[in-house]
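Colleague: Fold the following, please.
(one chain, ligands or ions: 3)
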Amino acid sequence: MEPKLKVAILIVSDTASKDPASDKVAGTLAPILAQEGKWEPPAIRIVPDNVFQIQQAVCDWADGEDWYNLILLSGGTGFAVKDNTPEAVTPLIHRHAPGLVHGMIAASLKVTLFAMMARPVAGVRNKSLIITLPGSPKGAMENLEAVVKLLPHACIQSAGANSRSLHAVGMKKLESDAGVSSDNSRNHHHHHHHAHGHGHGHAVPKAHTSPADRPQSNDPSAGPNQRYRASPYPMLSVEEALRMISEQTSAPMVIDAPVNTSIVGSVVAEDVYAAEMVPAYHASIVDGYAIIAPEPTDVGATTKGVFPVASITHATAGGVLEPLQPGTIARITTGAPLPPNANAVVMVEDTVLASSTPDGKEEATVEILADDIQPGENVRDPGSDVTLGSKILARGDLISPAGGEIGLLAATGTRTVKVFKKPRVGVLSTGDELVEHDDPRELVGGQIRDSNRPSLLSCLSSWGFETVDLGIARDTPASELEHALRDSLRGIGRASASVDVIVTTGGVSMGELDLLKPTIERSLGGTIHFGRVSMKPGKPTTFATVPFKETAPTSGQQERKSKLIFSLPGNPASALVTLNLFVLPSLHKLSGLGESSQAIATKPWMAPQLGLPRVAVVLTHHFPLDPKRTEYHRAVVTGSRCDGRLYATSTGVEGVGQRSSRVGSIARANALVVLRPGRGVGIKGEIVEALMMGPVYGSDTRIIC
Ligand SMILES: Nc1nc2c(c(=O)[nH]1)N[C@H]1C(S)=C(S)[C@@H](COP(=O)(O)OP(=O)(O)OC[C@H]3O[C@@H](n4cnc5c(N)ncnc54)[C@H](O)[C@@H]3O)O[C@H]1N2
Ligand code: MOO
Ligand SMILES: [Mg+2]
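Modeller: Residues are numbered from 1 along each chain as shown. Ligands and ions are numbered 1, 2, ... in the order given. Modelled structure (predicted):
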């Protein structure tokens, strides 16, 4: 029996994904294929109009061992807003097949002018031919019929001649039936863009503004003679890179949050007004006796004398207090409500016991020694700490770990507060050489323990962001990286809830297994905003966005339009430095820091800044300078007890001290000293800028007062 080709049909439809019985397309296409006698019965799947789910299905069928010769998609190719099948499929295609597209449109045009409103895509991914068809059974049928005779031949060509897989043997047979030689396929050169200015080591560094200007990443399937030998990405300054990150980072989203520890580190999104006043009653400030103090106009009156103790008021809840009768006093504790008529409190220290009750258990009379207690003395008036309806927090205020903001919210009975949603960050390590840091086995060959994931996750969670450990993605097969990224964007697999920002490490430089840039650009349809920065360490730092729609849970209106990918260099010190320098300001912006209210705008020094705090430090020794790149030199910054200055000492200037593979360069460091490029050294005593990564723990004992 003649072996047959494998075909899969993907129905893209929100409706059919909810009710598979409503689909009529699969049942229309299957007989057309069956009639040809060359196809196995189709595999069929239904997904909603969701880019990532479409891509996942196509990759499942085109990647890996069990690939399909032909993948047909139906639906989502029109002009409606939710139609995004072409957008999902285009980035997955390695080689486009515009001829098939023209053929299908030409055939449909004979039937209806509306054929012009179809946006079909066709092409080859790995060895699979992918074709999108309209969503209507009639349209899908007409389009498939237009090309169906060619498909076996096209699939054989796409699969190449040297395939040893079982169904490829069958293809040989089909191929000879069709009378073509698979060697023809060799003459089809890979489509390869020569980006402007790349390839000969003299690319002009230039910030790209329009997509046409943008360099293209390496095509990993292209051979060595097409591989870049100089990076096509312009070298940006750190400032330019930060500006691009800020531009691409979307406005923060507002959510309702309960007032508890979960909001520490969040930024307030809407001014908060006190729904209750504090205190709610006249409260005593001290332990002592509530009295009726005479008005100052009451000439000759005194608070001195012996008074009967009428009642006892504790700072406890409940109960109606008896009014205080003139000529009596009431024992009271700190915070307790004054009885009606009482207007001041005298401290217990200013009194002596005059007599006890007959049973000796209580005070009967007490002598007040002070003679000048004023009305209002030692009393907090209602609303004097927080006035009813006053603004207690403003938009842009940070709910700090120090507790003051939570305290205000709690004291006024505020149960929920509008805050900006803190971004959730996924961390993915990449590389075939990596093993889990706690794997008990001995390392063999070129294996490396994955230190980036634990160090980056620690740093991110210490900043107060929710993190997701995305594990390790191998370089081979390349689809592992692609799938890991797509799963985390969609919120499946290890990232059970989708992440807003993905941080990867490794695979961004010039090696043939440096796959991040091509994967983001060619497989996920993302945009690389920059791929090189003039800094040390961290030169190949890469920043990209992938399109994504998300609606805010509360307002239902705001949208994040894209997700951010920071692809940091694999070297451990480079990864941590660039995380601090580039990822933090973006996460701060996403969390609403910088959404300053008017109150903060008038006092800018009160507003928390984006990114690490910048301070001036004095160098305690010579620091070598890089001739070209700005160095972020890891250092310990200490205070001084006498001159009000901060002092910076390197974590290692000699030899390999600051080498980017040496994660120890960042151990003990609480600062990155910014050393601008130049000749020679930064000299002892010079004042330079430093970025503070952590608190100052000590004072420099070498500075003598
Ligand atoms: N020809 C050139 N080579 C390199 C350049 C260059 O401009 N031209 N840049 C160098 C610089 S600078 C850096 S930084 C690195 C960046 O490397 P990649 O981001 O491509 O990372 P990998 O090649 O995957 O790995 C580099 C290094 O880091 C180790 N690594 C990776 N991941 C981890 C991890 N999770 N934990 C611990 N260590 C990790 C990896 O084993 C390698 O040793 O490229 C230079 N090359
Ligand atoms: O720029 Mo790399 O991060 O120095 O080793
Ligand atoms: Mg590399």
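Colleague: What distance do you get for residue 128 to ligand 2?
Modeller: Distance, residue 128 to ligand 2, by CB to the nearest ligand atom, to the nearest Å: 38 Å. To be clear about C-beta, it is placed using only N, CA and C from the backbone, and glycine gets the same treatment.
Colleague: Can you tell me the element residue 60 falls in?
Modeller: Residue 60 is part of helix 51-62 when elements are defined by DSSP states H and E.
Colleague: no, scratch that, I was asking about residue 66
Modeller: Per DSSP H and E, residue 66 falls between elements, in no helix or strand.
Colleague: Now for it, how many residues are close by?
Modeller: The local packing of residue 66 (other CB atoms under 10 Å) involves 9 other residues.
Colleague: What residues does the residue in the stretch 251-400 of the chain that ligand 2 sits nearest to make contact with?
Modeller: Closest residue of the stretch 251-400 of the chain to ligand 2, CB to the nearest ligand atom: residue 265 (29.0 Å). Neighbouring residues of residue 265 by CB atoms under 8 Å, 6 or more residues apart in numbering: 398-401, 422, 463-464, 591.
Colleague: Can you add neighbour count and give the residues you listed back as JSON lines?
Modeller: Putting these into JSON lines (neighbours: other CB atoms under 10 Å) gives the following:
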{"residue": "398", "neighbour count": "20"}
{"residue": "399", "neighbour count": "25"}
{"residue": "400", "neighbour count": "12"}
{"residue": "401", "neighbour count": "12"}
{"residue": "422", "neighbour count": "24"}
{"residue": "463", "neighbour count": "18"}
{"residue": "464", "neighbour count": "14"}
{"residue": "591", "neighbour count": "24"}
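Colleague: Out of the residues you listed, which comes closest to residue 695?
Modeller: The closest of those to residue 695 turns out to be residue 401 (CB to CB; 11.8 Å).
Colleague: need the contact list for the closest residue to the closest one other than its chain neighbours.
Modeller: Among residues not flanking residue 401 along the chain, residue 264 sits closest, at 5.4 Å (CB to CB, 6 or more residues apart in numbering). Residue 264 makes contact with 399-401, 406, 464 under the criterion CB under 8 Å, 6+ apart.
Colleague: Run through the residues you listed and flag the ones next to ligand 1.
Modeller: Of the residues in the contacts of residue 264, proximity to ligand 1 by CB under 6 Å from any ligand atom holds for none.
Colleague: sorry, back to before: show me what the helix holding residue 60 is packed up against.
Modeller: strand 7-12, strand 43-47, strand 70-74, helix 85-89, strand 128-133, helix 479-490 (3 or more CB pairs under 8 Å, 6 or more residues apart in numbering; DSSP states H and E).
Colleague: So which other helices or strands are in contact with the next helix-or-strand element following the longest one?
Modeller: Downstream of helix 479-490, the first helix or strand assigned by DSSP H and E is strand 501-505. Using 3+ CB pairs under 8 Å, 6+ apart as the contact test, the elements touching strand 501-505 are strand 424-430, helix 452-462, helix 479-490, strand 559-568, helix 584-590.
Colleague: before we move on, the earlier item: in a markdown table: the contacts of residue 264, plus secondary structure, pLDDT and distance to ligand 3.
Modeller: Converted to a markdown table, those look like this (DSSP: H, G, I helix; E, B strand; the rest coil; pLDDT from 0 to 100; distance: CB to the ion, whole Å):
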| residue | secondary structure | pLDDT | distance to ligand 3 |
| --- | --- | --- | --- |
| 399 | coil | 95 | 40 |
| 400 | coil | 92 | 40 |
| 401 | coil | 89 | 38 |
| 406 | helix | 97 | 45 |
| 464 | coil | 92 | 31 |
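Colleague: Would you check that residue 158 makes contact with residue 123?
Modeller: No: using CB atoms under 8 Å, residue 158 is not in contact with residue 123; the gap is 9.2 Å.
Colleague: Quick check: neighbours shared by these two?
Modeller: Here residue 158 and residue 123 have residue 129 as joint contacts, going by CB under 8 Å, 6+ apart.
Colleague: Chain neighbours aside, what residue packs nearest to residue 476?
Modeller: Among residues not flanking residue 476 along the chain, residue 432 sits closest, at 6.0 Å (CB to CB, 6+ apart).
Colleague: where does the one you found land on pLDDT?
Modeller: Looking at residue 432, its pLDDT is 94.
Colleague: Thought residue 473 was touching it, still the case?
Modeller: No: taking contacts as CB under 8 Å, residue 432 lies outside contact range of residue 473: 9.7 Å.
Colleague: Are stretch 422-442 and ligand 1 in contact anywhere?
Modeller: Yes: judged by CB under 6 Å from any ligand atom, stretch 422-442 comes into contact with ligand 1 at 429, 431, 433-434.
Colleague: Closest one to residue 377 out of the residues you listed, please.
Modeller: Distances from residue 377 to those, taken by CB to CB, are shortest for residue 429, at 65.7 Å.
Colleague: right, and the closest one touches residue 475 too?
Modeller: No: judged on CB under 8 Å, residue 429 makes no contact with residue 475 at a distance of 11.2 Å.
Colleague: worst-scoring helix or strand of the protein, pLDDT-wise?
Modeller: Here the helix or strand of the chain ranked lowest by mean pLDDT, DSSP states H and E is helix 166-178, holding a mean of 41.
Colleague: Moving C-terminal from that helix, which element do we reach first?
Modeller: For helix 166-178, the following helix or strand on the C-terminal side (DSSP H and E) is helix 238-248.
Colleague: Report the angle between that following helix and strand 559-568.
Modeller: 150 degrees (axes from the mean of the first three to the mean of the last three CA atoms, to 10 degrees).
Colleague: Contacts for helix 238-248, please.
Modeller: 207, 236, 529-530, 533-535, 541, 543, 545, 562, 564, 581-582, 585-586, 589, 610-611, 630.
Colleague: How about exporting it as PDB, limited to the C-alpha atoms?
Modeller: The C-alpha coordinates for helix 238-248 follow below in PDB (Å, rounded to 0.1, in the frame of the first residue of the first chain):
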ATOM      1  CA  VAL A 238      22.800  53.300  28.300                       C
ATOM      2  CA  GLU A 239      20.800  56.500  28.300                       C
ATOM      3  CA  GLU A 240      19.300  55.700  24.900                       C
ATOM      4  CA  ALA A 241      18.600  52.200  25.900                       C
ATOM      5  CA  LEU A 242      16.800  53.400  29.100                       C
ATOM      6  CA  ARG A 243      14.700  55.900  27.000                       C
ATOM      7  CA  MET A 244      13.600  53.100  24.700                       C
ATOM      8  CA  ILE A 245      12.600  50.900  27.600                       C
ATOM      9  CA  SER A 246      10.600  53.700  29.100                       C
ATOM     10  CA  GLU A 247       8.900  54.400  25.800                       C
ATOM     11  CA  GLN A 248       7.900  50.700  25.400                       C
END
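Colleague: circling back to that earlier point, ok, the contacts of residue 265 vs ligand 1, which is closest?
Modeller: Nearest to ligand 1, judged by CB to the nearest ligand atom, of the contacts of residue 265 is residue 463 at 19.5 Å.
Colleague: Which pLDDT value goes with the closest one?
Modeller: 93.
Colleague: coming back round to it: which of residue 432 and residue 473 has more neighbours?
Modeller: Using other CB under 10 Å as the criterion, residue 432 and residue 473 rank with residue 473 on top: 26 against 15.
Colleague: Could I have the buried ones of the contacts of helix 238-248 as PyMOL selection syntax?
Modeller: In PyMOL, this line selects whichever of these come out buried by 16 or more other CB atoms under 10 Å:
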select buried, resi 236+529+530+533+534+535+541+543+545+562+564+581+582+585+586+589+610+611+630
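Colleague: Need the helices and strands packed on strand 501-505 in JSON lines (columns: distance to residue 341).
Modeller: Shown next, in JSON lines, are the helices and strands packed on strand 501-505 (distance: least, CB to CB, whole Å):
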{"stretch": "strand 424-430", "distance to residue 341": "58"}
{"stretch": "helix 452-462", "distance to residue 341": "55"}
{"stretch": "helix 479-490", "distance to residue 341": "68"}
{"stretch": "strand 559-568", "distance to residue 341": "60"}
{"stretch": "helix 584-590", "distance to residue 341": "54"}
